[in-house]
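Peer 1: Model the structure of this input:
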Amino acid sequence: MTAFVRNRAAPQRATRHPPSNGAHRLAWWLARLGDAGFEHLAQDGLLSFDLIDRLLSGEVEPSDEIAAVIARETDGAVLPEDWARGGPLGWLDKPFDRSPDRPSPTMEHDTCR
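Peer 2: From the prediction side, this is the model:
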């Protein structure tokens, strides 16, 4: 699996902020689908339950290939560029809507890094 992920420093402690917008959006997508979401992502063999857990914790970042798989399998709920950095929201805050009539917040409001 190490060929498919980029290692990051392991988080020192749990925080109220997700390590990235990708982790935040993936957590919300998985929460909405429950076990079916984990099974859906793991079905093609690229994503194991362990890897999904490590992505959510920020221990690793997805490679371009894995980020593209996640984007495809979540129907665009989690895009490759979402993994670049954290956003202004905490884990319990619903991710911003991607609708075209509402602009997404700028990264200038990034408070978790």
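Peer 1: could you give the mean pLDDT of the host helix or strand of W29?
Peer 2: Using DSSP states H and E, W29 falls within helix 21-33. For helix 21-33, the mean pLDDT works out to 91.
Peer 1: what distance separates it from the middle of the whole chain?
Peer 2: Between the centre of helix 21-33 and the centre of its chain there are 6 Å (Cα atoms, centre = their mean, to the nearest Å).
Peer 1: Roughly how far does E59 sit from I52?
Peer 2: For E59, the distance to I52 equals 11 Å [Cβ to Cβ, to the nearest Å]. Glycine gets a C-beta too; all of them are placed from N, C-alpha and C.
Peer 1: now G22
Peer 2: For G22 relative to I52 (Cβ to Cβ), the value is 12 Å.
Peer 1: Same question for W91.
Peer 2: 16 Å.
Peer 1: go on, V78?
Peer 2: For V78, the distance to I52 - Cβ to Cβ - is 11 Å.
Peer 1: Check V60 too.
Peer 2: 10 Å.
Peer 1: Same check on G86?
Peer 2: From G86 across to I52, the span is 18 Å (Cβ to Cβ).
Peer 1: likewise L30?
Peer 2: Counting by Cβ to Cβ, the gap from L30 to I52 is 8 Å.
Peer 1: Between those two, which contacts overlap?
Peer 2: Counting by Cβ atoms under 8 Å, 6 or more residues apart in numbering, the common neighbours of L30 and I52 are F38, L41.
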